[in-house]
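Enquirer: sequence? don't have it. structure:
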């Protein structure tokens, strides 16, 4: 074989190798690579590409998706997904804890974002039908930020998620910078009312308890665990200096607030004596999503008006 022919063959072989490498790579990069992400239930969820049709099974999930600029990819939400207002224009798959599985399947989503409440029945049912489910289950502020980051990763919105998390961290720090140095004597006793009949509150290990602490106060129900009942006698004995009632839950409207301001047996508490009874929207304080920072800020304004400006 001549030197000329050998060189030609080598050049041809090189071109074939380069061509095969080029065909094996995708212009879309990550979009064609399998996505493997562990959700907040510890499940590894895989996707072949960035999802284009997303269904949310919880109001908090919906708020995260919209905050990351994914409104155009959200094809359905629950009956309770009312924020942002545009979410109400989406198709509904039913209730939060009782989504209509057939409706979900009929919409052919390539990703369903669920929560821990769906772990036992809804998630297995959907996965048996070939639907990919990613679950969020944040119980702390840090886990809320993690949830946003995870949604950003699985939807290709990493940059948007990073920017949102950074903004939220800055707002949280703006509160804790003013409250972290307070002495115990400077921390008012706070009673948060989740419901009035029967009387219920938020104890240790709840997101509400964390908000109360970060806002620079002491939760009178800190000896309780989770969301539980509390006796009126225990509240009177604790003598809260501030009472905050969750309002806007279903047909309950402002019933918890009315209880706090009218219950005769609470009239001698410091909170009632000094007119320090407040209301907060349960959608704001009860959804572990982007607006949870606004709930912290409102708690801080109620508890320490001398440190924080009134909410606009």
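Expert: Cool, the structure landed. Keep in mind that this is a model prediction, so the values were computed, not measured. Numbering: from 1, shown residues only.
Enquirer: helix or strand right after the lowest-mean-pLDDT helix or strand in the chain?
Expert: Every helix and strand in the chain was compared by mean pLDDT, DSSP states H and E; the lowest is helix 3-24, with a mean of 42. Under the assignment DSSP states H and E, the closest C-terminal helix or strand after helix 3-24 is strand 35-38.
Enquirer: what strands flank the helix or strand that that next one is followed by, and is each parallel or antiparallel?
Expert: Per DSSP H and E, the first helix or strand lying C-terminal to strand 35-38 is strand 44-47. Applying DSSP bridges, strand 44-47 is found paired with strand 35-38 (antiparallel).
Enquirer: from residue 214, how far off is residue 102?
Expert: In this view, residue 102 and residue 214 are 42 Å apart by Cβ to Cβ, to the nearest Å. C-beta coordinates here come from the backbone N, C-alpha and C atoms, glycine included.
Enquirer: quick one, which of the two is more surrounded?
Expert: Using other Cβ atoms under 10 Å as the criterion, residue 102 and residue 214 rank with residue 214 on top: 17 against 11.
Enquirer: show me what contacts that one?
Expert: 141, 172, 175-176, 179, 296, 300 (Cβ atoms under 8 Å, 6 or more residues apart in numbering).
Enquirer: may I see these organised as JSON lines, with neighbour count and secondary structure added?
Expert: Output for those, formatted as JSON lines (neighbours: other Cβ atoms under 10 Å; DSSP: H, G, I helix; E, B strand; the rest coil):
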{"residue": "141", "neighbour count": "19", "secondary structure": "helix"}
{"residue": "172", "neighbour count": "18", "secondary structure": "helix"}
{"residue": "175", "neighbour count": "22", "secondary structure": "helix"}
{"residue": "176", "neighbour count": "15", "secondary structure": "helix"}
{"residue": "179", "neighbour count": "19", "secondary structure": "helix"}
{"residue": "296", "neighbour count": "25", "secondary structure": "helix"}
{"residue": "300", "neighbour count": "24", "secondary structure": "helix"}
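Enquirer: from those residues, which is closest to residue 70?
Expert: Using Cβ to Cβ, residue 141 comes nearest to residue 70 of these, at 22.3 Å.
Enquirer: shouldn't that closest one be in contact with residue 208?
Expert: No: using Cβ atoms under 8 Å, residue 141 is not in contact with residue 208, being 11.3 Å away.
Enquirer: start and end of stretch 131-144, how far apart?
Expert: Using Cα to Cα, to the nearest Å, one end of stretch 131-144 lies 24 Å from the other.
Enquirer: what's the mean pLDDT across it?
Expert: Averaged over stretch 131-144, pLDDT sits at 98.
Enquirer: any buried residues in the one helix or strand residue 153 maps to, and which?
Expert: Assigning secondary structure by DSSP H and E places residue 153 in helix 141-155. If you call a residue buried by 16 or more other Cβ atoms under 10 Å, then helix 141-155 has these buried ones: 141, 143-145, 147-148, 150-152, 154-155.
Enquirer: elements contacting the longest strand along the chain?
Expert: Longest strand in the chain, counting residues (DSSP state E): strand 189-196. Packing partners of strand 189-196 (3 or more Cβ pairs under 8 Å, 6 or more residues apart in numbering; DSSP states H and E): strand 199-202, helix 207-214, strand 218-219, helix 232-238, strand 242-247, helix 255-262.
Enquirer: ranking these by burial, who's on top?
Expert: Highest mean neighbour count among those (mean count of other Cβ atoms under 10 Å): strand 242-247, with a mean of 25.
Enquirer: rewinding a little: quick one: the helix holding residue 153 to helix 207-214, angle?
Expert: 120 degrees (axes from the mean of the first three to the mean of the last three Cα atoms, to 10 degrees).
Enquirer: who are the packing partners of helix 141-155?
Expert: Helix 141-155 sits against strand 35-38, helix 59-67, strand 111-115, strand 133-136, helix 158-179, helix 207-214, helix 292-303, with contacts defined as 3+ Cβ pairs under 8 Å, 6+ apart.
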